[in-house]
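Chemist: below are the sequence and a predicted model; questions follow.
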Amino acid sequence: MNGDKMSSILEIGKNKTKCQKFTPSALVDTMLNLVNYNADLMGKTILENSFGSGNIIKAIVVRYIESAIAAGIDPLSISAGLAQDIYGIELDKILYDNCIAELNTILKSYGIPAVKWNLFNDNALSMKLNVSFDYIIGNPPYISYKEMDENSRKTLKKDFESCAIGKFDYCYAFIESGIIHLNETGKLVQLIPNNIYKNVFAKKLRELLIDHVSTVLDYPDQKLFDKALTSVSIFLYDKENLSENIHYENITEGTKRSLCRHSLGDKWMFTVPDKSTRKMLRFGDIFHASITIATLYNKAFIVDDACVCEENLEQDILRDAVSPKTLRYKKKKKIIFPYFYDDNGLCRYSEENFEKLFPNTAKHLEQFSKELDARNSDEKASWFEYGRSQALVHLNKEKLLISTIITNAVEVYEVDANTIPFSGIYITVKNPEYSLNDAIEILKSEQFLQYVQNIGINISGKSLRVTCKDINNYLFIGGQ
């Protein structure tokens, strides 16, 4: 792997700032206690592969020294042990130098001779370490796919299974690297964003972890880092662990449970399975939850009354347009809807007919021709159509609309057949034995909210992101 290409990720100023969220001391203690890093530590190798300001590695060194002193080991031997057993890697030169200086101050306070540290100012994902470890402890950098440069994306895709597909996070590679560098009885503890348990692009990472994760500590909605409300989790991956169960704790709620690891599902839902013998129905078999339209350039298609009047847009091409936000705040929008429906379903205009029937609307859209042409549209989409057409099939009927972001409660809006939702998730009826009122009752139930809280991805505070697939996969009791 090319270290220079990878280091460019952190050369982006906002990424550097984002990554340098240093581990609070209480969490450091929790992480080290999880692997019982307390006594008889000499001869046990440990690595922190992104040590930053050194909060974790300084605690490691203090525990190592105090363990050795308690065992009656002389200072010179402790110095040699520190050099042999403790490893660390940090890319940022300033943080690296500061940490070394603070570690040397710790040595002096205990009367330990100078140590030739096995601490490296390098890229943990590119340097070669010919050592396998008893423990790897870390708080890896969190950088989203969109915040990476293209060379880094390509390199990570090539070198790490967890990054081979989709829009992975930078921390996935650190976690996988940790697994690779454990010895046969090694233990890995990581402080990570808890969306790795649910993010669709972390599926391969979950597959790498599932057999040996023994403990998960969740901290939803807690402000654990200065100026950042981040939902984080700590997990212990223990290669010696052969138990069928995972110990799970929601620290925020103060709840604990033991769960069969192979019952967690595609997304890891840390809930006790429903053992009811009553028939369970899948929401997506009764209703249809779909993402809303994707024009791929809303600025051209969504218009206000002033634009309609000034450009004299034809009324027959316009529909009312809504989103969860416009409905919540009672704002009115119009959308250019360059399609029509007949008894056979969705129909399209030819370019000639569109321009003939709606000349003013065509002229309006032509103002955005450059942007419309630049869209990554469906292959058969005309220049005046939406970029994606898959959501249009079920639109011409009464429907419900909910946001993809849910906070505290599920807000459900009823939308008529002619109105076009342009944001959120819309829901229609598939099974005529059910109605939209049944769907409303299900979506606003306490059981569905609990499901969302388990499967949704934390984005900030108590807000959770859900997908159409999550909603369609929801199971409810038949006859509800």
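Modeler: Looks like it came in fine.
Chemist: quick check: Asp416 touching Asn396?
Modeler: No: distance between Asp416 and Asn396: 10.5 Å, which falls outside the contact criterion (Cβ atoms under 8 Å). (C-beta placed from N, C-alpha, C; glycine too.)
Chemist: these two: which has the busier surroundings?
Modeler: Summary of the neighbour comparison: Asp416 and Asn396, criterion other Cβ atoms under 10 Å, with Asn396 having more neighbours (17 against 10).
Chemist: check which helix or strand covers the more buried one.
Modeler: Element membership of Asn396, judged by DSSP states H and E, is empty: it is in no helix or strand.
Chemist: repeat for Lys356
Modeler: Under the assignment given by DSSP H and E, the secondary-structure element containing Lys356 is helix 351-357.
Chemist: so how far is that helix from its chain's centroid?
Modeler: In this view, helix 351-357 has its centroid 44 Å away from the chain centroid, taken as Cα atoms, centre = their mean, to the nearest Å.
Chemist: same check, this time on stretch 155-165
Modeler: Averaged C-alpha coordinates place stretch 155-165 at 17 Å from its chain's average position (Cα atoms, centre = their mean).
Chemist: with just CA atoms, put it into CSV.
Modeler: Listed next in CSV are the C-alpha coordinates belonging to stretch 155-165 (Å, rounded to 0.1, in the frame of the first residue of the first chain):
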residue,chain,number,x,y,z
THR,A,155,-6.1,1.8,-2.3
LEU,A,156,-8.5,0.8,0.6
LYS,A,157,-10.8,-1.1,-1.8
LYS,A,158,-7.8,-3.1,-3.1
ASP,A,159,-6.2,-3.9,0.3
PHE,A,160,-9.1,-4.4,2.7
GLU,A,161,-12.1,-6.8,2.4
SER,A,162,-14.2,-4.5,4.5
CYS,A,163,-13.7,-1.7,2.0
ALA,A,164,-14.1,-3.7,-1.2
ILE,A,165,-17.7,-2.7,-1.9
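Chemist: so which bits of it are buried?
Modeler: Judged by neighbour count (16 or more other Cβ atoms under 10 Å), stretch 155-165 contains these buried residues: 155-156, 159-163.
Chemist: stretch 391-409 now?
Modeler: Under the neighbour-count criterion of 16+ other Cβ under 10 Å, stretch 391-409 has 391-392, 394-396, 399-406 buried.
Chemist: kindly report the same for stretch 292-306.
Modeler: Judged by neighbour count using 16+ other Cβ under 10 Å, the buried positions of stretch 292-306 are 292-298, 300-303.
Chemist: repeat that for stretch 426-442.
Modeler: Residues 426-429, 436, 438-440, 442 are the ones in stretch 426-442 that count as buried (16+ other Cβ under 10 Å).
Chemist: ditto for stretch 317-325
Modeler: 317-324.
Chemist: just for the stretch 201-350 of the chain, where's the confidence low?
Modeler: 222-230, 272-278 (pLDDT under 70).
Chemist: now do the helices in it.
Modeler: Assignment of helices within the stretch 201-350 of the chain using DSSP state H, counting those that start in this stretch yields the ranges 203-209, 283-286, 298-301, 305-310, 324-328.
Chemist: may I see the buried residues of the second one?
Modeler: It stands for helix 283-286. Within helix 283-286, the residues that qualify as buried by neighbour count (16+ other Cβ under 10 Å) are 283-284, 286.
Chemist: and which of those residues is nearest Ile471?
Modeler: Distance to Ile471, by Cβ to Cβ, is smallest for Phe283 among those, at 6.1 Å.
Chemist: pull the contacting residues for the closest one.
Modeler: With contact taken as Cβ atoms under 8 Å, 6 or more residues apart in numbering, Phe283 is in contact with 289, 442, 471-476.
Chemist: out of these, list just those in helices.
Modeler: Of the positions in the contacts of Phe283, 442, 471-472 sit in helices, assigned by DSSP state H.
Chemist: residues contacting Leu327?
Modeler: Listed by Cβ under 8 Å, 6+ apart, the contact partners of Leu327 are 401, 413.
Chemist: how far away is it from Tyr386?
Modeler: Using Cβ to Cβ, to the nearest Å, we find Leu327 at a distance of 21 Å from Tyr386.
Chemist: about what we covered before: tell me the mean pLDDT over the helix holding Lys356?
Modeler: The predicted model assigns helix 351-357 a mean pLDDT of 96.
Chemist: keeping just the C-alphas, turn that helix into CSV.
Modeler: This file holds the C-alpha atoms of helix 351-357, laid out as CSV (Å, rounded to 0.1, in the frame of the first residue of the first chain):
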residue,chain,number,x,y,z
GLU,A,351,-39.7,15.2,-26.9
GLU,A,352,-41.7,16.6,-29.8
ASN,A,353,-45.1,16.3,-28.0
PHE,A,354,-43.6,17.7,-24.8
GLU,A,355,-42.3,20.8,-26.4
LYS,A,356,-45.5,21.3,-28.5
LEU,A,357,-47.9,20.8,-25.5
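Chemist: next SSE after it?
Modeler: Per DSSP H and E, the first helix or strand lying C-terminal to helix 351-357 is helix 359-366.
Chemist: figure out how far the next helix or strand after that following helix is from the centre of its chain.
Modeler: Helices and strands here follow DSSP H and E; after helix 359-366, the next one along the chain is helix 369-373. Per Cα atoms, centre = their mean, the displacement of helix 369-373 from the mean C-alpha position of its chain is 32 Å.
Chemist: buried set for the helix holding Lys356?
Modeler: For helix 351-357, the neighbour count (16+ other Cβ under 10 Å) marks 354-355 as buried.
Chemist: same question for stretch 250-265.
Modeler: Along stretch 250-265, the positions that meet the burial threshold by neighbour count (16+ other Cβ under 10 Å) are 250-251, 259, 261, 264.
Chemist: and what of stretch 175-191?
Modeler: 175-179, 181-182, 186-191.
Chemist: which residues sit against the longest strand anywhere in the chain?
Modeler: Under DSSP state E, the strand in the chain containing the largest number of residues is strand 182-193. With Cβ under 8 Å, 6+ apart as the contact definition, strand 182-193 has outside contacts at 23, 27, 31-32, 34-35, 45, 132-140, 142, 169, 171, 174-175, 178-179, 230-240, 458.
Chemist: kindly report the same for stretch 448-461.
Modeler: Residues outside stretch 448-461 that contact it (Cβ under 8 Å, 6+ apart) are 193-195, 198-199, 220-221, 229, 231, 267, 269-271, 405-407, 409-410, 442, 464-466, 470, 474, 476.
Chemist: out of those residues, which sit inside strands?
Modeler: Within the contacts of stretch 448-461, membership in strands is found for 193, 405-407, 464-465, 476, as judged by DSSP E.
Chemist: now flag whichever of those residues is closest to Gly52.
Modeler: Distances from these to Gly52 were compared by Cβ to Cβ; the smallest belongs to Pro193, at 16.2 Å.
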